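Q: Following is a predicted model, sequence given first.
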Amino acid sequence: MSATLVIMAAGLGSRFKGGIKQLEPFGPNGEIIMDYSIFDAVRAGFDKVVFIIRRDIREAFDEMIGNRIGAQVKVDYVYQELDCLPSGYNVPDGRVKPWGHGHAVCCCKGIVNEPFAVINADDFYGREAFQKLHDYLCEGQTGDKLKMSMAGFVLKNTLSDNGAVNRGVCKVDGNNMLVDVEETYNIRREADGRVLSGKEDTKELSEDSYVSMNMWGCPAGFIDRLNSRFEEFLEKNGTSLTAEFLLPEGIDYMIKHDEADCKLLESRDKWFGVTYAEDKPSVKAAISQLISDGAYPEKLWK
């Protein structure tokens, strides 16, 4: 079965001019984090990559990664623009930012018609999650209820040594079906080893909790359902200059209204990301170690 990897990269655009930490080389031959995600996806069986970007960064994006990846796998582009809206809706005067990553996926309507996985551009997920998402997608869709999946990472594998992070803490039932994702802020490990969240109203979390890193497996038909949710969002927030339509919120609605089931697929891989500038040396060291361990070739693309 054909499956596509959708990479949400439109948020990188505003930071191209001054350089962006997530697009700095981390591999020995200039590879950036997206290179490793795409490499993992291709060897898991994904046969197309769709980049969601802003139209005004297309040339710079191609120079950074697009041209290189286009030689390895089929590539397409989707442009997340403010006016990429359902018929009958208009951009309010004064709004300058797009409508969030749920909107980014809605912009794929008509371009992505097959099952797909969607990820952030600046997160390193590891091979296991891509393989599990691909295999689950290839089981196919049965019935009208969407058969979705989410890569669930273990909280302790997603913390930064250089500061607090925000994560979606997951609740699942006895069959590992997703029940709820609670956005949780200011998560950090204390000196005594405990993992806490919040500032004034602190809460202790289990380091073995599952968390969402915005890595989802979506069957054909998902984008049409998401667009319906986006229209409802615009009915309430269409005049807002800042409101964002978030992908997990759209999925949560579908689960709770019996439109979809979502299987949590556990990944024990360690997540890497550049939340802080101080994270860069540790990410480079981690990738170097993975290469030494044989997880990746030294020269990623031949």
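A: Arrived safely, thanks for sending. Numbers count the residues shown, from 1 in each chain.

Q: So what pairs up with residue 169 in the strands?
A: residue 182, residue 211 (DSSP bridges).

Q: if I look at it, how far off is residue 254?
A: Separation of residue 169 from residue 254 (Cβ to Cβ, to the nearest Å) stands at 19 Å. (Each C-beta comes from the backbone N, C-alpha and C, glycine too.)

Q: a helix runs through residue 191, doesn't it?
A: No: counting by DSSP: H, G, I helix; E, B strand; the rest coil, residue 191 is located in no helix; its state is coil.

Q: Enumerate every residue touching residue 213.
A: 120, 123, 125, 151, 153, 158, 167, 271 (Cβ atoms under 8 Å, 6 or more residues apart in numbering).

Q: cool, and residue 292?
A: No residues are in contact with residue 292 under the rule Cβ under 8 Å, 6+ apart.

Q: distance of residue 199 from residue 135?
A: Applying Cβ to Cβ to residue 199 and residue 135 gives a distance of 40 Å.

Q: Looking at the two, which is more packed in?
A: Taking neighbours as other Cβ atoms under 10 Å, residue 199 and residue 135 compare with residue 135 leading, 15 against 9.

Q: Regarding the more buried one, what is its secondary structure?
A: helix.

Q: Next, the contact list for residue 115, please.
A: Contacts of residue 115 by Cβ under 8 Å, 6+ apart are 1-4, 137-138, 141, 217-220.

Q: Which single one of those residues is nearest to residue 98?
A: residue 218 (19.5 Å; Cβ to Cβ).

Q: so that closest one touches residue 118, yeah?
A: Yes: counting by Cβ atoms under 8 Å, residue 218 touches residue 118, with 6.4 Å between them.

Q: Now for these two: what residues contact both?
A: Joint contacts of residue 218 and residue 118 (Cβ under 8 Å, 6+ apart) are residue 105.

Q: Looking at those two, which has the bigger crowd around it?
A: residue 218 (31 against 24).

Q: can you pull up the bridge partners for that one?
A: Applying DSSP bridges, one finds that residue 218 bridges with residue 116.

Q: Next, work out how far apart it and residue 112 are.
A: Residue 218 is 9 Å from residue 112, by Cβ to Cβ.

Q: Around the residue lying closest to residue 284 once chain neighbours are set aside, count how many other residues there are.
A: Distance criterion Cβ to Cβ, 6 or more residues apart in numbering; nearest residue to residue 284, sequence neighbours excluded, is residue 26 at 5.2 Å. Here the number of neighbours of residue 26 (other Cβ under 10 Å) works out to 22.

Q: Residue 302 now?
A: Neighbour number of residue 302 under other Cβ under 10 Å is 5.

Q: what's the answer for residue 74, then?
A: Neighbours around residue 74, by other Cβ under 10 Å: 13.

Q: contacting residues around it?
A: Contacts of residue 74 by Cβ under 8 Å, 6+ apart are 47-49.

Q: so it bridges to which residues?
A: Beta-bridge partners, per DSSP bridges, of residue 74: residue 48.

Q: Spell out the residue ranges of the strands in the stretch 1-150 of the chain.
A: Remark: strands assigned in the stretch 1-150 of the chain by DSSP state E, counting those that start in this stretch are 4-8, 48-53, 74-79, 116-120, 123-124, 146-154.

Q: give me the low-pLDDT residue ranges for this structure?
A: 12-22 (pLDDT under 70).

Q: can you give me the helices for it?
A: For the chain, the helices defined by DSSP state H occupy 33-44, 58-61, 67-70, 101-106, 127-137, 222-237, 247-256, 280-292.

Q: right, so of those helices, which gets closest to residue 212?
A: Per Cβ to Cβ, nearest to residue 212 of the helices of the chain: helix 247-256, 6.6 Å.

Q: of the contacts of residue 74, buried ones?
A: For those, a burial check counting by 16 or more other Cβ atoms under 10 Å picks out 48-49.

Q: Dump the contacts of residue 74 into CSV; add distance to residue 240 as well.
A: Shown next, in CSV, are the contacts of residue 74 (distance: Cβ to Cβ, whole Å):
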residue, distance to residue 240
47, 38
48, 34
49, 32
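
Q: I figured residue 214 was touching residue 121, is that so?
A: No: with contact defined as Cβ under 8 Å, residue 214 does not reach residue 121; the gap is 10.6 Å.
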